[in-house]
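Enquirer: sequence and computational prediction follow.
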Number of protein chains: 2
Amino acid sequence: MPKIVDHEKRRVLLAEAAWRVIRRVGIDGVSVRNVAEEAGMSLGSLRHYFTTQSELLAFSMRLVSDRVYERITKTSWSGDPRQDMENIIAELVPLDDERLAECEVWMAFAGKAVADPSLKSLNREIYDSLRNLFRMFIATLAEKGMMKPGVNEELEAEKLFALVDGLVVHGVICPDEVTRERIAAVVSDYFDHLLQPGPS
Amino acid sequence: MPKIVDHEKRRVLLAEAAWRVIRRVGIDGVSVRNVAEEAGMSLGSLRHYFTTQSELLAFSMRLVSDRVYERITKTSWSGDPRQDMENIIAELVPLDDERLAECEVWMAFAGKAVADPSLKSLNREIYDSLRNLFRMFIATLAEKGMMKPGVNEELEAEKLFALVDGLVVHGVICPDEVTRERIAAVVSDYFDHLLQPGPS
């Protein structure tokens, strides 16, 4: 067993080294060679884990996605659906340096994916699971009768999902203006207008 | 005068050739050499216009931005602010193949800009002028008393801007689901909830 743990740990260390390279020089600076250097590992050892730049990028992006899901799973439920949703959304947007790094990696990755079929399909996979999360949010609010009348659930789920991804993009492009406080305020304002006033 | 026109026309032809290369192989496939080839121009002639990849990318992105603004300026005003805003937003999102190409170039560019200071500052410049447009939208609706009570104008402008950019990202990642009809419906639904019911 310890060997497997070490193996996984090493993959994570390598992916983290790849993130640092991406943030410093851009996603196209991520080569098997300079990630090995950044991680303080020989090229031979690294090739045990990844053989191509594309595999390495896909793994780094998957790690971002896994970490986000892990944090979401660990969210302690307050019993107030609105509060729980705001907490989960806080795991997706650049509310601290770790999340900002993840958002930057995602943006670099999504930009690269525009013209790379294998990265594109992974990006789509991540999109699909997030879209399902937002659909579940809106379905839960509807089920509990918390929303104001006249909401089209399908359009509302896309609206909230697009709002959150737009805030991610703006938080990366313009971190001095689209600050963590501003992002939290916009999300809170969204729920204020969506939900019935109530003891929340 | 004809000479100046030709010069400008040639720059536009080159930038368009660069877009085709970006869409086909990704933004990092844009080299001075392969754009010359795509445009059917000699490397020497092209170097009259651009000398580095970064200059070429910045010019291509500026051209996307200029075209969008040109289309916005040419929008015929209906006299109904909501309709006018929906028309202008339609110029920003992937509602047809030309706009989808522009959105893809922007996403590839924004991803690349994460780690390139000169592209980053151009991306920020584009962000700033669009943010001002969305602030003007919300200020106009407020001034005309068209919005429901309780809207915080600053947060609302960021919300609408983020919604639109999120729809751009989703329209690029997931064009089969986030179709032009879906995007138009989400934007329309947004205004339905923001505005007082009335003879629109």
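Expert: Received, thanks.
Enquirer: and the next helix or strand past the biggest helix by length in chain A?
Expert: When chain A is scanned for its longest helix (criterion: DSSP state H), the result is helix A:117-143. Sequence order places helix A:153-173 as the next helix or strand after helix A:117-143, per DSSP states H and E.
Enquirer: next, the buried residues of that following helix.
Expert: For helix A:153-173, burial by neighbour count (16 or more other CB atoms under 10 Å in any protein chain shown) applies to A:155-173. Every C-beta, even on glycine, is put in place using the N, C-alpha and C of the backbone.
Enquirer: same deal with stretch A:96-104?
Expert: Residues A:99-104 are the ones in stretch A:96-104 that count as buried (16+ other CB under 10 Å).
Enquirer: point to the helix or strand of chain A where mean pLDDT is at its lowest.
Expert: helix A:2-25 (a mean of 79; mean pLDDT, DSSP states H and E).
Enquirer: whichever strand or helix holds A:L100 and chain B in contact?
Expert: Assigned by DSSP H and E, A:L100 belongs to helix A:97-113. Yes: applying CB under 8 Å from any CB of the partner chain, one finds helix A:97-113 touching chain B at A:104, A:107-113.
Enquirer: point me to the residue of chain A nearest chain B.
Expert: Chain B sits closest to A:G111 of chain A, with a gap of 1.4 Å, by CB to the nearest CB.
Enquirer: I'd say A:A58 and A:S118 touch.
Expert: Yes: if you go by CB atoms under 8 Å, A:A58 and A:S118 touch, sitting 6.8 Å apart.
Enquirer: and the two? Which one has more around it.
Expert: The neighbour count for A:A58 versus A:S118, taken as other CB atoms under 10 Å in any protein chain shown, is higher for A:A58 (20 against 13).
Enquirer: give the burial count for the residue of chain A closest to chain B, as a bare number.
Expert: 26.
Enquirer: I'd guessed it sits against B:A110; true?
Expert: Yes: contact criterion CB under 8 Å: A:G111 and B:A110 qualify, at 5.9 Å.
Enquirer: what residues does the helix holding A:L100 touch?
Expert: Under the criterion CB atoms under 8 Å, 6 or more residues apart in numbering or on different chains, residues A:19, A:22-23, A:26-28, A:57, A:60-61, A:64, A:67-68, A:91-94, A:119-120, A:122-123, A:168-169, A:171-172, A:175, B:26-28, B:107-112, B:114-115, B:169, B:173 lie in contact with helix A:97-113.
Enquirer: again with stretch A:46-60
Expert: With CB under 8 Å, 6+ apart as the criterion, stretch A:46-60 contacts A:10-11, A:14-15, A:18-19, A:22, A:27, A:30-32, A:35-36, A:39, A:105, A:109, A:112, A:116, A:118-119, A:122.
Enquirer: can you classify the residue nearest to the spatial centre of chain A as helix, strand or coil?
Expert: Geometric centre of chain A, nearest residue: A:L92, 4.8 Å, by CA atoms, centre = their mean. Here A:L92 is recorded as coil under DSSP: H, G, I helix; E, B strand; the rest coil.
Enquirer: show the contacting residues for it.
Expert: A:L92 makes contact with A:68, A:99, A:130, A:164, A:168 under the criterion CB under 8 Å, 6+ apart.
Enquirer: same list (the residues you listed) but as CSV, adding pLDDT.
Expert: Putting the contacts of A:L92 into CSV (pLDDT from 0 to 100) gives the following:
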residue, pLDDT
A:V68, 90
A:R99, 90
A:L130, 95
A:V164, 98
A:V168, 97
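Enquirer: what's the most distant pair in these?
Expert: By the measure CB to CB, A:R99 and A:L130 form the most distant pair in those, at 14.6 Å.
Enquirer: show me chain A divided up by domain.
Expert: Chain A breaks down into these domains under automatic domain parsing: A:1-51, A:64-194.
Enquirer: gap between the first one and the chain center?
Expert: The offset between the C-alpha centroid of domain A:1-51 and the centroid of the whole chain comes to 20 Å, using CA atoms, centre = their mean, to the nearest Å.
Enquirer: repeat for the last one
Expert: On the basis of CA atoms, centre = their mean, the separation between the geometric centre of domain A:64-194 and that of its chain is 8 Å.
Enquirer: what about it, how long is it end to end?
Expert: 30 Å (CA to CA, to the nearest Å).
Enquirer: was I right about A:R135 contacting A:L155?
Expert: No: using CB under 8 Å, A:R135 is not in contact with A:L155, being 11.1 Å away.
Enquirer: what comes into contact with the strand or helix carrying A:E86?
Expert: Assigned by DSSP H and E, A:E86 belongs to helix A:81-90. Helix A:81-90 is contacted from outside by A:72, A:75, A:77-78, A:133, A:137, A:140-141, A:144, A:146, A:164, A:184, A:187-188, A:191, A:195, A:200, using CB under 8 Å, 6+ apart.
Enquirer: and these, which of them are buried?
Expert: Buried among the contacts of helix A:81-90 (16+ other CB under 10 Å): A:133, A:137, A:141, A:146, A:164, A:184, A:187, A:191, A:195.
Enquirer: keep the residues you listed, but drop any that are not near chain B.
Expert: Near chain B, by the rule CB under 8 Å from any CB, you find A:V164 out of those.
Enquirer: now, the most widely separated pair of the buried ones among the contacts of helix A:81-90?
Expert: Spanning the widest gap among the buried ones among the contacts of helix A:81-90 are A:M146 and A:A184, at 19.8 Å by CB to CB.
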